[in-house]
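**Q** Got a predicted model here, sequence first, then my questions.
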Amino acid sequence: MPTYRKSPIPGNRWLPHPLMTLVLVIIWLFLVNTITFGHLLLGTLLGIAIPWFTNRFWPERPKIAKPFLLFRFFFITFVTDVIVANITVVRLFLQPDISRLRPRFIEIPLDTQDPMVITILASVISLTPGTVSAEVTEDRQTLIVHGLDVADEALAVQTIKTRYEAPLKEIFSC
Amino acid sequence: MTFVIELLVSFFLVVGAFFAMAGSIGSFRLPDFFSRLHGPTKSTTLGVGAMAIASAIYFSFHGEGISFHEVLITLFLFITAPVSAHFLAKAALHQRLHENKAALPPESEKETGPHV
């Protein structure tokens, strides 16, 4: 079991997941598409009730050590990479000679065994340049990734590790 | 609705349609299963995302008040697309589904199995 750091926002018996409560309120307001006092109240009620009833399924909370870095990672690194990834992939799809692609599997040795970090890393890899995560080995040591057009395997592994894994490790401090 | 808004909406619609189409062309042209997975995970996600942005802009300036529930479509798509792609890739790996078996990572070397 990985050890988690203490969360910056404390939770208690009646409010086990404060962050989830906040997210649920925001999602509720987005769903109803209006911001009125009544819906804010109803959203807050749901935001308190749902974590309370489902608390047994996730006893531990994700410990976000650096919220600002998380914000920067998702809104700058991630968003730009998704757009760049799409342009790259579309160019690969539409090139005249499709057989010039060099698809192959690459293995990325993981520095962290935290399930949360691995999940986010695998999802981010799937949405960014020419790579889809295919498998995590049972010992959580290696992530197998399929690259659409890999010229240099070592470089690809290095890029993923420095660009995505390092910031994620820092954000969740593990 | 002003000209600028119309321009913005049509821009996002065209961009979204382009990426969705390119993703479908990719799924058709690529040679093997794993390469074909790249289309639906990236291009289609951004394609639908761009169309959702167009919808959000259109209804914010057209109907009553701002419209933001399109953001949720994009958000949930970005969460679920990689997960389903991962499932497909994982299942295909275990089935050894590839025209060229030598291109797959070796099976016996590492014990892979169900995990949480």
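**A** Happy to help now that I have it. From a predicted model like this one, the values you see are computed outputs, not experimental measurements.

**Q** Tabulate the CA atom coordinates of the helix or strand encompassing residue B:45 in CSV.
**A** Of the helices and strands defined by DSSP states H and E, residue B:45 is found in helix B:44-62. Below are the C-alpha coordinates for helix B:44-62, written out as CSV (Å, rounded to 0.1, in the frame of the first residue of the first chain):
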residue,chain,number,x,y,z
THR,B,44,-12.0,12.1,-32.3
THR,B,45,-11.6,13.4,-28.8
LEU,B,46,-10.4,16.8,-30.0
GLY,B,47,-13.0,16.8,-32.8
VAL,B,48,-15.9,16.4,-30.3
GLY,B,49,-14.2,18.8,-28.0
ALA,B,50,-14.0,21.5,-30.6
MET,B,51,-17.7,21.0,-31.5
ALA,B,52,-18.7,21.2,-27.9
ILE,B,53,-16.8,24.5,-27.6
ALA,B,54,-18.7,25.7,-30.7
SER,B,55,-22.0,24.7,-29.1
ALA,B,56,-21.1,26.5,-25.8
ILE,B,57,-20.2,29.7,-27.6
TYR,B,58,-23.3,29.6,-29.8
PHE,B,59,-25.8,29.0,-27.0
SER,B,60,-24.0,31.5,-24.6
PHE,B,61,-24.7,34.3,-27.1
HIS,B,62,-28.0,33.0,-28.5
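
**Q** now what about that helix, what contacts it?
**A** For helix B:44-62, contacts defined as CB atoms under 8 Å, 6 or more residues apart in numbering or on different chains pick out A:82-83, A:86, A:127, B:1-2, B:5, B:8-13, B:15-21, B:23-24, B:66-68, B:70-71, B:73-74, B:77-78, B:81. Where C-beta positions appear, they are placed from N, C-alpha and C, glycine not excepted.

**Q** what do you get if the cut-off is 7 Å, keeping everything else the same?
**A** With contact meaning CB atoms under 7 Å, 6 or more residues apart in numbering or on different chains, helix B:44-62 is reached by A:82, A:86, A:127, B:1, B:5, B:8-9, B:12-13, B:15-16, B:19-20, B:23, B:66-68, B:70-71, B:73-74, B:77-78, B:81.

**Q** Which among these count as buried?
**A** The neighbour count (16 or more other CB atoms under 10 Å in any protein chain shown) marks A:82, A:86, A:127, B:8-9, B:12-13, B:15-16, B:19-20, B:23, B:67-68, B:70, B:74, B:77-78, B:81 as buried among the contacts of helix B:44-62.

**Q** Keep only those of these that are in helices.
**A** Among the buried ones among the contacts of helix B:44-62, the ones falling in helices (DSSP state H) are A:82, A:86, A:127, B:8-9, B:12-13, B:15-16, B:19-20, B:23, B:70, B:74, B:77-78, B:81.

**Q** check contacts around the closest residue to residue A:17 other than its chain neighbours.
**A** The shortest distance from residue A:17 to any non-neighbouring residue, by CB to CB, 6 or more residues apart in numbering or on different chains, is to residue A:51 (4.2 Å). By CB under 7 Å, 6+ apart, residue A:51 lies in contact with A:16, A:17, A:20, A:21.
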